[in-house]
Every structure is written in structure tokens, then in C-alpha cells.
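Sharing a model prediction with you, sequence too.
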Amino acid sequence: MIYDIEYETMPREALESIQLRRLQTTLQRVYASVPFYRETFKAAGITPADIKTLKDLKYVPFTTKQDLRDNYPFNMFAVPMDNVVRIHASSGTTGQPTVVGYTARDVGTWSTLMARALSAGGAGRGDIIHNAYGYGLFTGGLGVHYGAERLGASVIPVSGGNTKRQVVIMKDFGATVITSTPSYALHLAEIAEDMGVSFASLKFKFGIFGAEPWSEKMREELERKLNLTAVDIYGLSEVMGPGVAIECHEAKKGLHVFEDHFIAEIVDPKTLEPLPYGETGELVFTSLTKEAFPVIRYRTRDITSLNPEPCVCGRTHVRMNRVTGRSDDMLIIRGVNVFPSQIESVLMEIKEVEPHYQLVVDREDNLDVLTVKVEVGERGFSDEVKGLQQLERRITKTIKELLGVSANVKLVEPKAIERSQGKAIRVVDNRQI
């Protein structure tokens, strides 16, 4: 079911007309009300009046996460604080938190976009949504919550944590859709198995998973262990929160970007030149309808590509392919570029291991050393030492052959890698310590 059929199936010409009108309005607003944008525009020698077509957007300077941090907390807001009804923020674990604001209209827009997203992911009126995204300053929990209510579904605001209690609630309340990070969903499946609860006996039809990159092999693992259809959702607080893009459950081939509210670009991460459809690069977003906190050409650091072909579901908005990693979490190991998702794809092909892994990078004798820790299944870990050593060598060889990087593979016992209630910690880079 398409939630907003008029806009989600709009012909490209009509869609681009709306985009241009909204873009010009947004640029005029930020130029008038946000000193940062006014200064960057002047430094580039342009004004909003110079942007006469969508192609002219390439002349507008980029916005980065550091720009948001430098203007902490509210200097990027485009409306007076009297008009801001909601404030969210990042954790700030890698630096100054980024703070975002919403007007009442922004909250309504966000709710509508999330209703669209949940509908595309298989949810509808009458469904019960088990929402295991975190509530609070993180945008995930409340984003899904408001979207579910706008859709007319019942939402269980369970948030993250209390995993055993969540399993009981899933069983007793009969939820039909689950929303969480993919790593936490696998943790739920693991705890459910320990409690003697089979997901096959539960009522889940769809799982909407996001907030961290995950591979096609991870999808297969999620669908097998949770007995549902798994779809990928994309969003980031700086642009809106969850609900910027989502896969449709009919195709599961790329995430539909809601282009009447966002302009998506792909640029070369090094030259910052725009790239055509189909080429892989860094994803850049410009918001078109945000009032409190519009962003202009915001560099997400996420690596993906765009596909303009209409989808079998009937939606005409451009689709972004699955995020393969981030330009700022890419590991360079002895000159080889490696993303965690690439390692994950290799590991998911090995039936003896579990989908729980961690990459540890150290520097020894001035050389980078990558260690891949991965859990072995209960049955596999009970095998003789010789068999485990052979498995380690096989995985090491496969990583080398497919990715061109040497890694030390360390098999660990089940549940040895710490579980996260939110985003999984996939990389520990000791070179930065």
C-alpha cells in the first residue's frame, strides 16, 4: 500500500518543479536567518537568486557535521526558539554533539514521512509495531512512534534494553512488525532462543531495520532467525531522523528517497564533484521543507549510489542503494580500503560462524594489523581445536582473496562479543588512542 500516492508516484517533471520551488524558498530563508549560511554564500560569491535550476545547486557550498558542531547548540536554527517544540541531539561520543530542532509543522511533516516509510515497509492500520529503537535524544524511537500513530497502527514504545522482557512482550502482545537496529534484532533472537521462544511461533510479518549499515547476507540471517520480511530504512537526525528513505517490501531493491522533501546527490568524496546516477560516492542531502533546522548540501559521509528507474511498487522517487559504509569509518589497512560491511559480507557466507563480529585495528612495528573477531556457533565451538584452526585459516584466506587485505581471524565463543542495545560497535581502532 502506498501511503501518499499523489506524491510518491509523481512524474519526474512535476516532482522536479516542486523541488525547485521548495529549494528556492529554503535558500532564501536560511540566507536571511542563519548567519552561517549567509557567510558561506557570500564567500562563494552567490546569493539564493543565483539558483535558477536544480543543476545550479552544485554551486552552493557544502555543510558538514563539523559546521554543526561549531555552531553548537542553536546557531544553525532558522526560526526563533519560541517556535521550536522539539530538540534532539547526537550522543557526542566522537566530539561536540550535533543539535537539531523541530517546529510543530516539522514534527507533523516527520510523522507523515514516517507513516509513508512504515507503509512501504509493510505496516498498516491494524498492525502492532514493537518499537525497539531508543527513545530520548536519539531520533529513532520517537520518529517511528509518531509515524506509527499517524499511520493508524498500534505502537509499543518498548525502546532498547530489558531484552528478556521484550521477548515476553512480543509473545504476549502479538506484535506484527518490529523496528530496531539489525544487530539488536539478532540479539533479541538470541535471547528468545535461550528462553525457549521461537520467532516462528510469533506473529511478526515485517521487520524495519536501520541506524547502522547491514548487508544482504545479514538480511538473509534476519529473515531466517526472525521469520519475517526484513527491509532497510535510512535517516539521520541532521536531515530529519528516520524516514528519509526506505525499501519497499515488494522489491527490496534500493531505498526510496522522499524527494518531495529532500534532494539527494552523490559526490566524489575526494573532489566533491557531483557524480551521475549509478556511480558510487558520498551521499549529500538538502532538506526542502524543514522549518527549524534546514540543511543545505549536507555531507552524510555515507557511501552509496542512486537509481532513478521507477520501482515495481509504483513509486517514482529515486532509490538509493544500500549504504556500504561511511567515508569517515573506512579503514585503510596497509593501503587497502576496507569497510566493515565488506567484512560482514564475507563472514555471512561462512555457515559455521554467527553474525556477531568486531574489527580491531592495531599498529605493530609501524605496520597496521587488522584482527577480525567473530563468534562461532555453539556446535562449531565444541569442535576440536584443529577444526577451529582450519576454519580460521579458511576465513583468513577468503578475506584475502576477496578484499585484498590480510587479517588475523580470531574465533571466539558464543556471546563473547559485547551486545549493544542500539548501534553495534563494529570497529575498535587502537591506532587513534
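Arrived safely, thanks for sending.

residue ranges for the helices of the chain, please.
5-8, 12-33, 35-44, 65-70, 104-120, 139-151, 163-173, 182-194, 216-226, 340-347, 378-381, 385-403 (DSSP state H).

so which of the ones you listed is the most packed in?
helix 139-151 (a mean of 24; mean count of other Cβ atoms under 10 Å). For the C-beta atoms, the positions are set from N, CA and C on the backbone; glycine is no exception.

Show me what it is packed up against.
The helices and strands touching helix 139-151, judged by 3 or more Cβ pairs under 8 Å, 6 or more residues apart in numbering; DSSP states H and E, are helix 104-120, strand 128-131, strand 154-156, strand 241-247.

rewinding a little: go through the helices of the chain and name the closest to residue 428.
helix 340-347 (11.1 Å; Cβ to Cβ).

Taking helix 385-403 as reference, get the angle to that closest one.
Orientation of helix 340-347 against helix 385-403 (axes from the mean of the first three to the mean of the last three Cα atoms, to 10 degrees) gives an angle of 130 degrees.

quick one on the thing from earlier: quick one, which of the helices of the chain is nearest to residue 273?
Here helix 35-44 is closest among these (Cβ to Cβ), at 15.4 Å.

Send me the closest one as CSV with only the CA atoms.
Taking C-alpha atoms only, helix 35-44 is exported to CSV below (Å, rounded to 0.1, in the frame of the first residue of the first chain):
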residue,chain,number,x,y,z
PRO,A,35,24.4,33.7,9.7
PHE,A,36,26.5,30.6,8.9
TYR,A,37,24.7,30.1,5.5
ARG,A,38,24.8,33.8,4.7
GLU,A,39,28.6,33.9,5.3
THR,A,40,29.2,30.7,3.2
PHE,A,41,27.1,32.0,0.4
LYS,A,42,28.9,35.3,0.4
ALA,A,43,32.3,33.5,0.5
ALA,A,44,31.2,31.5,-2.6
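
gap between residue 47 and residue 298?
Using Cβ to Cβ, to the nearest Å, we find residue 47 at a distance of 20 Å from residue 298.

quick one: contacts for residue 205?
With contacts defined as Cβ atoms under 8 Å, 6 or more residues apart in numbering, residue 205 is in contact with 122, 127, 176-177, 228-229.

before we move on, the earlier item: quick one: which of residue 47 and residue 298 has more around it?
residue 298 (22 against 13; other Cβ atoms under 10 Å).

okay, the more buried one: pLDDT?
On the pLDDT scale, residue 298 is placed at 98.

Residue 197: how many residues sit nearby?
If we define neighbours as other Cβ under 10 Å, then residue 197 has 18 of them.

what sits against it?
Contacts for residue 197 (Cβ under 8 Å, 6+ apart) come out as 167, 170-171.

Apply 6 Å and report the result again.
Neighbouring residues of residue 197 by Cβ atoms under 6 Å, 6 or more residues apart in numbering: 167, 171.

Make a markdown table out of the helices of the chain and add distance to residue 409 and mean pLDDT.
Putting the helices of the chain into a markdown table (distance: least, Cβ to Cβ, whole Å; pLDDT from 0 to 100) gives the following:
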| stretch | distance to residue 409 | mean pLDDT |
| --- | --- | --- |
| helix 5-8 | 45 | 97 |
| helix 12-33 | 47 | 98 |
| helix 35-44 | 46 | 98 |
| helix 65-70 | 33 | 93 |
| helix 104-120 | 37 | 98 |
| helix 139-151 | 32 | 97 |
| helix 163-173 | 28 | 97 |
| helix 182-194 | 20 | 92 |
| helix 216-226 | 17 | 93 |
| helix 340-347 | 9 | 86 |
| helix 378-381 | 13 | 64 |
| helix 385-403 | 5 | 88 |
